[in-house]
Each structure stands twice: as C-alpha cells, then as structure tokens.
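In: The following block contains a protein sequence and its predicted model.
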Amino acid sequence: MTSVADELRRAISLGAPLYNAGDAGGCLRTYTQTALKVADGSTATEGERSTLRDAVQRAAECSSSDEGAWVMRRAFDSILGGAVAARERAAAVAASVGPGGDFEMLSFEKGLMGPRWRVLDDVIMGGRSQSNGVTWDAGEQAAVYSGNVTTDGGGGFASLRSDDWAGFTSLGAARGVRLMCKGDGRVYKLNALTDADYDGVQYQSEFVAPPQWGAVDLPFTGFRPTFRGRPVPNRPPLQGANIRSVGLMVSKFTTAGGTLADFRNGPFRLSIRWMRGFI
C-alpha cells in the first residue's frame, strides 16, 4: 500500500514540471486528483484528509490555476514537512492536558534543539548593536541570547529570528506561549511570523523575564502586528496554527510604536530553558 507521503511526492514530481513548463492548469489537476485520492483512501490521518479537502475547496475558488496550484502545493508541503502531524499531536496533548496546562514545543534543557537561529540587528540601518547569537549554557540547561544593544548610529535594537519550523504549528492547539526564562530586567519581545516574507509583518508581545527562573505566559491575544517597529492596523489576530517562525528582540521601541522610557544602552542577557504552548 502506497503511503500518503509517496503519493504526494509522486504528484509533485508530475505536477511541478507541468507548472514550470507553463501548464498551471495541468499541475492543478494533477495535485487535485491526488489530493482527492488520498483523502478518500484509508492511509491518511483525519488531519491529512481535512487539510487536503480544504485545499481542494480553496483551490477551486481561486481566480487562476496558478494560484490554485500553489494552494495545493502548500497543503502538500504542510503534510510532508510534518506540520499537520505536529498539529494532530498537539491537539491530542491539549485534550489530555486540559485548561491551564501546557505541552512541550521547544526545549533547550539538553542542547540547542529545533530550528536554526539567525541574527538580525540594527546594523542593517546603520546601527551598532550586536547579538552574540544563541549559545547553550550547560550549567543553566538553557539557551542564552546575549549581546550589546545601543542607540549609537541611529539604531536601537538587536534580534534573533528562527528559520521556519514545523514544530511551531503545534501552537494551533494553544492559547499562547509559556516561557521558562530568566532575565536582566530588560523588556524583551517575542516575535511571531505567519508568512514567508522575511521582511513582512510580525506579531510582537513584550515581556520582562524574572531575575530567577520562572514561567512567563504570553497569550496570543496580547500579540500586536508590527512592521519595522510600527503598528500595522487591520490585521487579523494572531493564530497559533499560522506561526511559521519566532524571534527574540531587545529594542528601544515598544509594540505600540513608542519608545521605552527606561531603555538603556549596554549588554543584555536572556536565558530560556523551554518554550511551551499553554491551553
């Protein structure tokens, strides 16, 4: 019996060349036929069936075959990349945990697990802040984000951003993110990105980590959409299921677009032991 992954990979191997040759309609038909076959079969999970049927419906409503083909391809990729499976696992865990509980998403207790992290500091706009990236502290059993932030040169922020990671989609079962962290009294931001645009809108929530290890809850309702430090109106609320990547930031700017009254130049250090979704 052919697996779901094999069926989808075969469809991509047939559909992608058609698309690249200019036949978006042929590509869409190939993807749609495979999606319906898999959804009606016995090997797919309920989450995979739902994802594929929803994609077929949305693709049929698209104004062009090109757009529809991409709707189908993204659905295939979400299954092949493990995002659908992650959502299913999280839903099962959420059902067993109950309100107020949490489930593991990303743990640094045994090392730097999960996605790769990239530095994105104010040097891109002439500033002089500098992140040290993410390091692992064996004694603390935690990831450490540190560096130096300064307004010299006209900047005033330092940040990290993860690559896209399927594990974040488990947050679809959560009301927010819970951090086990320890800080230096500074205001930090947890950023969440929901699309593939590297320089697009990101949702931000401010927090101050306690001086000793403690949990900080950041409900999705408290995240604000921003673009380059400015609030973005008329954006939908953050949904955990849509999170593709996350980031950490220390900045002189608030999520409301103002300036922190107690911002100070100098070194910073934030330790995080784990990130979990809370119900």
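Out: Looks like it arrived, so ask away.
In: residue ranges with poor pLDDT in this structure?
Out: The chain contains residues with pLDDT under 70 at 1.
In: in it, which spans are strands?
Out: Ranges of strands within the chain are 102-107, 117-119, 130-137, 142-149, 157-162, 176-182, 188-193, 202-207, 214-219, 224-227, 230-231, 245-251, 266-278, based on DSSP state E.
In: got these as CSV, with mean neighbour count and distance to residue 70 columns?
Out: (Glycine included, C-beta is placed from N, CA and C.) As requested, those are exported to CSV (neighbours: other CB atoms under 10 Å; distance: least, CB to CB, whole Å):
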stretch, mean neighbour count, distance to residue 70
strand 102-107, 20, 28
strand 117-119, 17, 25
strand 130-137, 16, 33
strand 142-149, 22, 35
strand 157-162, 22, 24
strand 176-182, 22, 29
strand 188-193, 23, 19
strand 202-207, 22, 22
strand 214-219, 16, 32
strand 224-227, 18, 24
strand 230-231, 13, 29
strand 245-251, 23, 20
strand 266-278, 19, 28
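In: so can I have TSV of these showing distance to residue 59?
Out: Shown next, in TSV, are the strands of the chain (distance: least, CB to CB, whole Å):
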stretch	distance to residue 59
strand 102-107	30
strand 117-119	33
strand 130-137	38
strand 142-149	40
strand 157-162	29
strand 176-182	32
strand 188-193	24
strand 202-207	27
strand 214-219	33
strand 224-227	27
strand 230-231	33
strand 245-251	25
strand 266-278	30
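In: out of these, which comes closest to residue 8?
Out: strand 245-251 (23.2 Å; CB to CB).
In: Go ahead and measure how far the closest one is from the middle of the chain.
Out: Using CA atoms, centre = their mean, to the nearest Å, the distance from the centre of strand 245-251 to the centre of the chain it belongs to is 11 Å.
In: Sheet partners, orientation included, of that strand?
Out: Strands flanking strand 245-251 in the sheet, each with its direction: strand 157-162 (antiparallel), strand 188-193 (antiparallel) (DSSP bridges).
In: thought residue 216 was touching residue 176?
Out: No: taking contacts as CB atoms under 8 Å, residue 216 lies outside contact range of residue 176: 10.2 Å.
In: Which neighbours do the two have in common?
Out: Residues touching both residue 216 and residue 176 (CB atoms under 8 Å, 6 or more residues apart in numbering): none.
In: how many other residues sit next to residue 126?
Out: Residue 126 has 10 neighbours, counted by other CB atoms under 10 Å.
In: Going forward, the N-terminal residue is numbered 858.
Out: New numbering, starting at 858: the last item is residue 983.
In: so who does it touch?
Out: Listed by CB under 8 Å, 6+ apart, the contact partners of residue 983 are 1010-1012.
In: Please report phi then psi for it.
Out: The phi and psi values for residue 983, taken as degrees, to the nearest 10, are phi 90, psi 0.
In: So it versus residue 1011, what's the distance?
Out: Shown here: residue 983 relative to residue 1011, a distance of 5 Å by CB to CB, to the nearest Å.
In: Among the strands of the chain, which comes closest to residue 935?
Out: For the strands of the chain, the distance to residue 935 is smallest for strand 1102-1108, at 14.6 Å, taking CB to CB.
In: tilt between that closest one and strand 999-1006?
Out: Orientation note: strand 1102-1108 sits at an angle of 40 degrees relative to strand 999-1006 (axes from the mean of the first three to the mean of the last three CA atoms, to 10 degrees).
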